[in-house]
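1. Return atomic coordinates for the entry below.
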Amino acid sequence: MSLVRIIATALSLLSACAFAQERQVVKLGFSSPLSGPQAAAGKDALNGVQMGIERLNQQNLQLDGKAIRFELLVRDDKASAQEGAAVARELVAAGVRAVLGPFNSGVALSAAKIYNDAGVVALTVASNPKVTQTSLPQVFRIAASDTDMGGKMAFYAARHLKLKRVAIIEDGSPYARGLTDEFERVAKMNGVQLVYKEAVGDKLEEFGAALGAVVAAKADAIFFGGYAPQGSALLRQMQQHGMPIALLGGDALCSSAMLAQAGSALGNRTYCVQGGVWLTRVSDGAVFASAYQGKYGSAPDVYAPTFYDGVLLLWQAMKSANSPDPRVFAPVLARMRYKGVTATYEFNPRHDMTESTVTILRFKDGKLTPLSSF
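-> Take a look at the predicted model:
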């Protein structure tokens, strides 16, 4: 009996080894800022990706008769276009099949063609409309574009906040330009007067001159195109200058970094717009938020659920194509429809989402409160 057990154990080990040898590793890349002023946003996105990969790797998935395991290669692009291009070349050389990211529009604009020409699928949340083009069939936007976010925030500002005179301050980045251009266009269409506009650069820390011009122009609100660290500084200085007017911004301001860095300066007059439906308003979103809280000890920030969805979206495309080859599953991804945590993912010919719902939010009593989704 002992000999039989030994033989059985040996056979079992041989079978396990054979299974392990057949297991196929599918490499995915991640590119976002993990250091510098925007590190909090990048780490939140990374948390979402890792949750998605952990979920898939727990399911013993198979493609074309072979067991597969997903492996994530994480890179810090530092929110730099130059660094993002270098990261793209590195991930391509490492053999990734798809990339989650980049996060920033400027980075995406520099990296998109590199991924596309290498046949690697890129799922980005970068909002500048120029990121997605019909000439880049491997690049997909999995969040709302500036056209949706800037335009719908302008519509809300005119119709619901009843604003009449708005100033624009922006950091000069591709993200900010796309966002503010759309805000300005739709605001004017809805009777809002633009009384002041300035690109201050993304390194400016002292807004005194710009705020003085805003006061002189008698603006009843400022629309800020930029990221949370500068937005927080702007809010603090608005408070110091005794400016009780509203501050509006894009999705980059819908961040816990604003709560941490702006403090009491947030008041109840700070608004932002985020792609998708607010997590707690949909059952799947509430489940995700609870799981994220349990794993990381904090609530998910802006794009963790979107990047989580991106991982599962990639798997669904691979599964439908029965292949991890991006040149095979990318055409399937382009025509599929997938319901995720915060959005339904379906793409138009440019590979923008056909359903781009956004949510307008307000900072109130130290937290983000959803006001309207449309």
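
2. which residue ranges form the strands in the stretch 1-150 of the chain?
-> Secondary structure of the stretch 1-150 of the chain by DSSP state E, counting those that start in this stretch: the strands cover 24-32, 62-63, 66-76, 98-100, 121-124, 139-141.

3. Please work out which of the ones you listed is packed deepest.
-> strand 98-100 (a mean of 30; mean count of other Cβ atoms under 10 Å). C-beta coordinates here come from the backbone N, C-alpha and C atoms, glycine included.

4. Report all helices and strands that that one contacts.
-> Contacts defined by 3 or more Cβ pairs under 8 Å, 6 or more residues apart in numbering; DSSP states H and E place strand 98-100 against strand 24-32, strand 121-124, helix 304-321.

5. Quick one: distance of the longest one to the chain centre.
-> The chain centroid and the centroid of helix 304-321 are separated by 14 Å, computed with Cα atoms, centre = their mean, to the nearest Å.

6. Number the chain from 575, please
-> Understood, numbering begins at 575; the last thing we discussed is helix 878-895.

7. State the next helix or strand along the chain beyond it.
-> helix 900-909 (DSSP states H and E).

8. For that next one, report the contacting residues that lie outside it.
-> 671-672, 693-695, 711-712, 714, 887-888, 891-892, 894-895, 897, 921, 925 (Cβ atoms under 8 Å, 6 or more residues apart in numbering).

9. Drop anything exposed from the residues you listed.
-> For the contacts of helix 900-909, a burial check counting by 16 or more other Cβ atoms under 10 Å picks out 671-672, 694-695, 711-712, 714, 887-888, 891-892, 895, 897, 921, 925.

10. Flag the shaky bits of the protein, pLDDT-wise.
-> 575-596 (pLDDT under 70).

11. what about the helices in the stretch 575-724 of the chain?
-> 576-596, 613-631, 655-667, 679-691, 720-733 (DSSP state H, counting those that start in this stretch).

12. Could you measure from residue 881 over to residue 604?
-> Between residue 881 and residue 604 the computed distance is 8 Å (Cβ to Cβ, to the nearest Å).

13. Tell me who's in contact with residue 636.
-> residue 642.

14. So what sits opposite it in the bridge?
-> As for beta bridges, residue 636 partners with residue 641 under DSSP bridges.

15. now, which of the buried ones among the contacts of helix 900-909 sits nearest residue 665?
-> residue 694 (7.4 Å; Cβ to Cβ).

16. Surely that closest one is in contact with residue 673?
-> Yes: if you go by Cβ atoms under 8 Å, residue 694 and residue 673 touch, sitting 6.1 Å apart.

17. what touches both of those two?
-> With Cβ under 8 Å, 6+ apart as the test, residue 694 and residue 673 both reach 603, 665.

18. the domain parsing of the protein - what is it?
-> Structural domains annotated on the chain: 576-718+856-916, 721-849+933-947, as defined by automatic domain parsing.

19. Walking through the stretch 775-924 of the chain, point out its helices one by one.
-> 782-790, 802-814, 830-836, 857-870, 878-895, 900-909.

20. So what touches the third one?
-> Looking back up the chat, that one is helix 830-836. So helix 830-836 is contacted by 614-615, 802-803, 805-807, 809-810, 840, 844, 846, 872-873, 875, 937, 940-941 (Cβ under 8 Å, 6+ apart).

21. So which bits of it are buried?
-> For helix 830-836, using 16+ other Cβ under 10 Å, the buried residues are 830-832, 835-836.

22. quick one on the thing from earlier: I'd like to know which of the helices of the stretch 575-724 of the chain is closest to residue 793.
-> When those are compared by Cβ to Cβ, helix 720-733 sits nearest residue 793, at 11.9 Å.

23. same for the closest one, what does it pack against?
-> Other elements packing on helix 720-733 under the criterion 3+ Cβ pairs under 8 Å, 6+ apart are helix 748-763, strand 795-799, strand 844-849, strand 932-938.

24. Dump those to CSV, plus mean neighbour count and distance to residue 862.
-> Converted to CSV, the helices and strands packed on helix 720-733 look like this (neighbours: other Cβ atoms under 10 Å; distance: least, Cβ to Cβ, whole Å):
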stretch, mean neighbour count, distance to residue 862
helix 748-763, 22, 25
strand 795-799, 26, 29
strand 844-849, 26, 15
strand 932-938, 22, 15
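
25. TSV please, covering the ones you listed and showing distance to residue 867.
-> Below are those laid out as TSV (distance: least, Cβ to Cβ, whole Å):
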stretch	distance to residue 867
helix 748-763	28
strand 795-799	29
strand 844-849	18
strand 932-938	19
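
26. highest average neighbour count across the helices of the stretch 775-924 of the chain?
-> helix 878-895 (a mean of 24).
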